[in-house]
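Asker: the sequence and its predicted three-dimensional model are supplied below.
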Amino acid sequence: MTAPDPFARTRALFELPEGVIYLDGNSLGPLPRAARERLAHVVAQEWGGLLIRGWNEAGWIDLPARVGARIARLIGAEPGAVRAADSTSVNLFKALSAALALRPGRRTILSDSGNFPTDLYVAQRLAEALGQGHVLRVVAPETVEDALDSDVAALMLTEVDYRTGRRHDMAALTARAQAAGALTVWDLAHSAGALPVDLAGAGADFAVGCGYKYLNGGPGAPAFLYAAPRLQAEAAPALAGWMGHAAPFDFVPDYVPATGMDRMLAGTPPILSLSALDAALEVWEGVDLAALRARSIALSEGFVAALEGREDLVLASPRDPERRGSQVSFRHPEGYAVMQALIARGVIGDFRAPDLIRFGFAPLYNTPQEVARAAAILAEVLDAAAWDRPEFRRRAKVT
Ligand SMILES: Cc1ncc(COP(=O)(O)O)c(C=O)c1O
Ligand SMILES: Nc1c(O)cccc1C(=O)C[C@H](N)C(=O)O
């Protein structure tokens, strides 16, 4: 007798194509059935039927806050402290600029070399554009703590490294940064929905994250933004827009920021994609995040254990699951072709240059059986050098 699968209920809420083992939900989550239905409804009934009345009658105007409230539980945020809006890049710009403005005497943005490129690009351009001598300092992930000197205005880190899955200790680094007089800006792109996050418990200052990965909001889904309640009254992001105004429909020429989190908004919310994300987040109702973490560790451990000891794969992720997010990466010199051969066999992960094959484990729908099968197929591909074909080496535009 095998015990019933505690995540069979949530798996059934997704449309998962037959014959595919999907281990790329850390890049783009699959389609929740509820999102398909909600989109059809919003398009036909709300957009089609209500037209402009939808802003009031269907509550479109409140969607950034309503969707933010659903995300808040997953990231341990205080009520009202999260908005769903814009992209992660844009939210990072807003959060980081607000953090810098709150530390006027300091000039350094501290980050690490494992951070996602968009985060580093946003910080570089913001530092230049401010014209006040700000600099982005990028150090090795292990040396972040030592680099927290008296010039650091903002510590900007991605909690879970997109390549290796290495996880920073958010609570410890936040405490260290604040003791050094800095504010923290956390990117939760690979954390939200992947593992329990406790922003309030960690005392984090600002955070951002993606809606299209483990939250399953669909390609280009709106991202989210958090500011600690103690900072909201003072936060002044460098990007303002009418949706962040205290009275948008007064149409006055001067900017007066809204009270609370609404000041972190800028332009008109994308109602179709916010609706899809809202429906996708229904899947999380009743999901226990400690059980989610336990499942995630069981999945990733099963995968690593099945492949451990192979001489042709080098584990790029921490071996200790407590120090990882919900993904595992291996190095292989022909990683791109290996991943294409896997995809041709129905196992979808992805490749990150120069040599990483990356596998995300989404506890809501991935099963231990899938993970064992994926590891076996990877072993077959390697044993038979099935990747060694010209068509598997041809790089696509998007990897
Ligand atoms: C850590 C991290 N931040 C940000 C992003 C993306 O930001 P955006 O949605 O603005 O493209 C990604 C992935 O695309 C990511 O992995
Ligand atoms: N956002 C993406 C896209 O528009 C195309 C392809 C991939 C992505 C990703 O999300 C990449 C992802 N952040 C990563 O961890 O590599």
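Answerer: Cool, the structure landed. Numbers count the residues shown, from 1 in each chain. Ligands and ions are numbered 1, 2, ... in the order given.

Asker: low-confidence stretches in the protein?
Answerer: 1 (pLDDT under 70).

Asker: do the longest strand along the chain and ligand 1 meet?
Answerer: Assignment by DSSP state E gives strand 152-158 as the longest strand of the chain. Yes - Strand 152-158 is in contact with ligand 1 by Cβ under 6 Å from any ligand atom, via T158. Any C-beta I mention is one placed from the backbone N, CA and C, and that applies to glycine too.

Asker: quick one: list the elements packing against that strand.
Answerer: Counting contacts by 3 or more Cβ pairs under 8 Å, 6 or more residues apart in numbering; DSSP states H and E, strand 152-158 packs against helix 88-101, strand 108-112, helix 117-130, helix 170-179, strand 183-187.

Asker: distance from the chain centre to it, please.
Answerer: Relative to the centre of its chain, strand 152-158 is centred 17 Å away, using Cα atoms, centre = their mean, to the nearest Å.

Asker: could you list the paired strands of it along with their orientation?
Answerer: strand 108-112 (parallel), strand 183-187 (parallel) (DSSP bridges).

Asker: so which of these is the most packed in?
Answerer: With neighbours defined as mean count of other Cβ atoms under 10 Å, these peak in mean count at strand 183-187, which reaches a mean of 27.

Asker: and it with ligand 1, contact?
Answerer: Yes - Strand 183-187 is in contact with ligand 1 by Cβ under 6 Å from any ligand atom, via D187.

Asker: so what's the residue in the chain that ligand 2 sits nearest to up against?
Answerer: Proximity of the chain to ligand 2 (Cβ to the nearest ligand atom) peaks at Y162, 3.5 Å away. By Cβ atoms under 8 Å, 6 or more residues apart in numbering, the contact set of Y162 is 26, 114, 116, 189-190, 352.

Asker: turn the strands paired with strand 152-158 into CSV, including distance to ligand 2.
Answerer: Shown next, in CSV, are the strands paired with strand 152-158 (distance: least, Cβ to the nearest ligand atom, whole Å):
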stretch, distance to ligand 2
strand 108-112, 15
strand 183-187, 10
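
Asker: the stretch 101-250 of the chain against ligand 1: which residues are in contact?
Answerer: Counting by Cβ under 6 Å from any ligand atom, the residues of the stretch 101-250 of the chain close to ligand 1 are 116, 118-119, 158, 162, 187, 189-190, 210, 223.

Asker: and with 8 Å instead?
Answerer: By Cβ under 8 Å from any ligand atom, the part of the stretch 101-250 of the chain that sits against ligand 1 consists of 115-116, 118-119, 158, 160, 162, 187, 189-190, 208-210, 212-213, 220, 223.

Asker: now the end-to-end length of stretch 343-357.
Answerer: From its first residue to its last, stretch 343-357 covers 12 Å (Cα to Cα, to the nearest Å).

Asker: tell me which stretches of the protein form helices.
Answerer: With DSSP state H as the criterion, the chain has helices at 8-11, 33-41, 54-57, 63-75, 88-101, 117-130, 170-179, 199-202, 229-232, 271-282, 289-307, 335-344, 368-383, 390-393.

Asker: dump these into TSV; add mean neighbour count as well.
Answerer: Formatted as TSV, the helices of the chain follow (neighbours: other Cβ atoms under 10 Å):
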stretch	mean neighbour count
helix 8-11	15
helix 33-41	17
helix 54-57	14
helix 63-75	22
helix 88-101	24
helix 117-130	17
helix 170-179	17
helix 199-202	19
helix 229-232	15
helix 271-282	22
helix 289-307	18
helix 335-344	22
helix 368-383	18
helix 390-393	12
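
Asker: of all these, which one is nearest W47?
Answerer: Smallest distance to W47 across the helices of the chain (Cβ to Cβ): 6.5 Å, for helix 54-57.

Asker: what residues does the closest one touch?
Answerer: 46-47, 50, 60-61, 271.
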